[in-house]
Structure formats: structure tokens, C-alpha cells
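Asker: after the sequence you'll find the predicted model.
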Amino acid sequence: MKSLQSVSCVGVTILLMGALAGCATESSRTVPIPQAQKSQVSYNGPLITIAAGKFANRSNYMNGIFSDGIDRLGNQARTLLLSRLQQSGRFNVMDRDNLTESKLESSFLHQGQSIQGARYLITGDVTAFGRKETGDMALFGIAGVGHAQIAYAKVSVQLVNPLTSQMVATSDGAAEYKLSEREILGFGGTSGYDSTLNGKVLDLAIQDAVNHLISAVDAGQLK
């Protein structure tokens, strides 16, 4: 009788484990994207027309002898810069990357193109970029062990007069992004390598540079 009860208990346990294993859950959410601080200040002046120029990665990151020659960091920075400039409400951004496609679409509409010229050309560089992991121990690890991932980025952007090639304004931006956790006596969070820190810190540096340009526009220094 006891053996039958044991078999029954084992069977119930297996069924419960199977039921728990089969309960898959899904979750999703939208992530709010922070706006450049100065963009939240209202502006009623004229928009400054700018065209997107080159943006290059001049840092040591991804520029070693084993690089494949594709400037992924520079391209990412350029995309972030144009988005932040357009969102600021101070600039009318012209992106020439899709002229071939837009010309084709205009032919479908049986209309000729009327490409607008820009007052300024904006270019830029990622001048510094990197990340590191640090750690510390309190009381030889008894009181806790800490880990931190730190990413750093610095960018420089320039506004150039296309008629004279004169550089009329420059703006630098820098940012640091830190992810840390602490484990005490075996309890606490532990996080692996987070590659999203690269994009986050680059976006913060771009926002810092855009904030300086917005301040120049609001002060009447750029027209």
C-alpha cells in the first residue's frame, strides 16, 4: 500500500513539474526615450536649415588592425545626432543619403524634385570611446563584493558654412554611463556584460553636444 502511495506521489510531482515547465510567460513594454534637456524649452524662432555631413569614429575603439573598415560607431553617432537635432525644434535637417530613392519616388509622382539648400553643413567625430569593468571588496569580501561596468564617450560636432567652408561653430559633448551591483554574503544582483551601454553613453554624449548648439540658437549666436 505504501509503495502505491509512493508511486502516486511521484506521479503527482512529475505532473506538477510538467505543468510548471509548460507555463511560458511573455511580457513586453515600450521604453521611453529621453529628450535632450534643452529641447524641452519652448522655441518660437525660425528653424536653421542644416545638411548632414560625415561623422567618423576617431577613437581607438573598433579601429584596430582587426577592424573590417566599416565605421559602425560613426554611423550610429550620425543617426543619433540627426535625430536629436530634428527633435530639438530648432533645426530643419536635410539628409542626402536617400537622394536616389527620393528621385525615383518623385518620378512616380510625375513631379520634378526641388532640393533645398542648407545654411550650414554639420559634421562630427567620436573623439573618445571606451568601457571598463571595476570591482571592490569590503572586509575581504565578507561585507560584500561590488562590480561596475563603466562606458565613456566624447563627441565633437562642427557647423560649416558650405559657401566658404568656414567653421562657424563647434560643440563638444561627453558622458559616462555606469551599471553597478553589489553582492553581500552570496545575496544580491549579478549582471553580465551589457552591450547596450555603448549606445546609451553615445546617445548621452550626443545629447550634451546638441544642448550646447540649442543654447547657441536660443542666444541668437546661430542664425
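Answerer: Nice, thanks for sending it over. Residues are numbered from 1 along each chain as shown.

Asker: show me what stretch 110-127 is in contact with.
Answerer: If you take Cβ atoms under 8 Å, 6 or more residues apart in numbering as the criterion, stretch 110-127 is touched by 48-59, 61, 73-74, 77-78, 81, 85, 94, 99, 102-103, 106, 153-162, 168, 172, 202, 209, 222. C-betas here are computed from N, CA, C, even on glycine.

Asker: now the strands for the chain?
Answerer: In the chain, the strands defined using DSSP state E lie at 48-57, 91-94, 120-138, 144-160, 167-184, 187-188.

Asker: can I get these in a markdown table including mean pLDDT and mean neighbour count?
Answerer: Output for the strands of the chain, formatted as a markdown table (pLDDT from 0 to 100; neighbours: other Cβ atoms under 10 Å):
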| stretch | mean pLDDT | mean neighbour count |
| --- | --- | --- |
| strand 48-57 | 94 | 19 |
| strand 91-94 | 94 | 19 |
| strand 120-138 | 82 | 17 |
| strand 144-160 | 85 | 20 |
| strand 167-184 | 81 | 16 |
| strand 187-188 | 43 | 10 |
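
Asker: would JSON lines of those strands with distance to residue 114 be doable?
Answerer: Listed next are the strands of the chain as JSON lines, based on distance: least, Cβ to Cβ, whole Å:
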{"stretch": "strand 48-57", "distance to residue 114": "14"}
{"stretch": "strand 91-94", "distance to residue 114": "12"}
{"stretch": "strand 120-138", "distance to residue 114": "19"}
{"stretch": "strand 144-160", "distance to residue 114": "24"}
{"stretch": "strand 167-184", "distance to residue 114": "26"}
{"stretch": "strand 187-188", "distance to residue 114": "61"}
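
Asker: closest one to residue 68 among those strands?
Answerer: Nearest to residue 68 among the strands of the chain is strand 48-57 (12.8 Å), distances taken as Cβ to Cβ.

Asker: residue contacts, the residue nearest to residue 174 when sequence neighbours are not counted?
Answerer: Among residues not flanking residue 174 along the chain, residue 154 sits closest, at 4.2 Å (Cβ to Cβ, 6 or more residues apart in numbering). Taking Cβ under 8 Å, 6+ apart as the contact definition, residue 154 lies against 126-129, 172-175, 205.

Asker: against residue 174, how distant is residue 68?
Answerer: Per Cβ to Cβ, to the nearest Å, residue 68 is found 27 Å from residue 174.
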